[in-house]
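Chemist: Pasting the sequence and the predicted coordinates here, then a few questions.
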Amino acid sequence: MDLKTEILLIDDHPMIVEAVCRILDGMSQIATVDTANTGDDAISLIKSRSYGLYIVDVSLPDISGFELIDIIRKKDEDARIIIHTMHEEVWYVNRLINAGVNAIVLKASDPVEIRNAVINVLDGEVYTCPRFERIKQKLQASIDKIHPKDRPTKREQEILSFLAKGLSTNEIANELGISQNTVETFRKRLIQKFDAKNGIDLVMKAHQKGWVE
């Protein structure tokens, strides 16, 4: 690219900021790198000027990185955004996929992945680091094992809904007017039916399929 890019790096971990800055400083495509350690600092910079690229950590001390992305998008719907996060939990993966950003890089990846992401995004490409791709594919393979015939029955759907809300076996039994043993039977049946590792995995799969909020 002929014009060098100004970057805003938003992250509250000093060591991460220092490491990323070192990588970016060595890139010919980059003009300057401003940094913000909090959401408030980032918002002030976002309001005062425009950047060619934003690198955002989704875990900040005062605001969700996802909220910050919305703020950036409201100012510039075509803003180029890279998510740089330590979160690899299954319940985060789908949210990251649907965040509408240009690249996703996990902090546990090789540091060169930030460089790869910047290069690809500046070239107009979408990029996800290999580590994230492996997690996404593993999750998708798990979801794909659920067939239409496995759709939960009305009672199973009720149990799923309460499990998703975090209710205990006793609380679910009281809500439905059934015994705790019956609730446990349904829960174990659902876990087996959907090849889930545990209750959390079950709820995640149900959420991915749109069966629970």
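Modeler: Looks like it arrived, so ask away. Numbers count the residues shown, from 1 in each chain.

Chemist: residues contacting Leu202?
Modeler: Neighbouring residues of Leu202 by CB atoms under 8 Å, 6 or more residues apart in numbering: Leu160, Leu163, Arg187, Leu190, Ile191, Phe194, Ala196. C-beta: built from backbone N, CA, C; applies to glycine.

Chemist: didn't the fifth one look like it was pressed against Asn198?
Modeler: Yes: counting by CB atoms under 8 Å, Asn198 is a contact partner of Ile191 at 7.1 Å.

Chemist: These two: who's more crowded?
Modeler: Applying other CB atoms under 10 Å to Ile191 and Asn198 shows that Ile191 carries more neighbours, namely 16 against 9.

Chemist: does the more buried one belong to a helix or a strand, and which?
Modeler: helix 180-193 (DSSP states H and E).

Chemist: which parts of the following helix or strand past that helix are buried?
Modeler: Going down the chain from helix 180-193, the next helix or strand is helix 199-208, by DSSP H and E. By neighbour count on 16 or more other CB atoms under 10 Å, the buried set for helix 199-208 is Leu202, Val203, Met204, Lys205, Ala206, His207, Gln208.

Chemist: now helix 199-208 and helix 180-193, what's the angle there?
Modeler: Helix 199-208 and helix 180-193 are oriented at 70 degrees to each other (axes from the mean of the first three to the mean of the last three CA atoms, to 10 degrees).

Chemist: which residues does Arg189 contact?
Modeler: Per CB under 8 Å, 6+ apart, neighbours of Arg189: Glu156.

Chemist: Was I right to think Ser64 contacts Val58?
Modeler: Yes: using CB under 8 Å, Ser64 makes contact with Val58 at a distance of 6.7 Å.

Chemist: Which one's more surrounded, the two?
Modeler: Using other CB under 10 Å, the more surrounded residue of Ser64 and Val58 is Val58, with 22 against 12.
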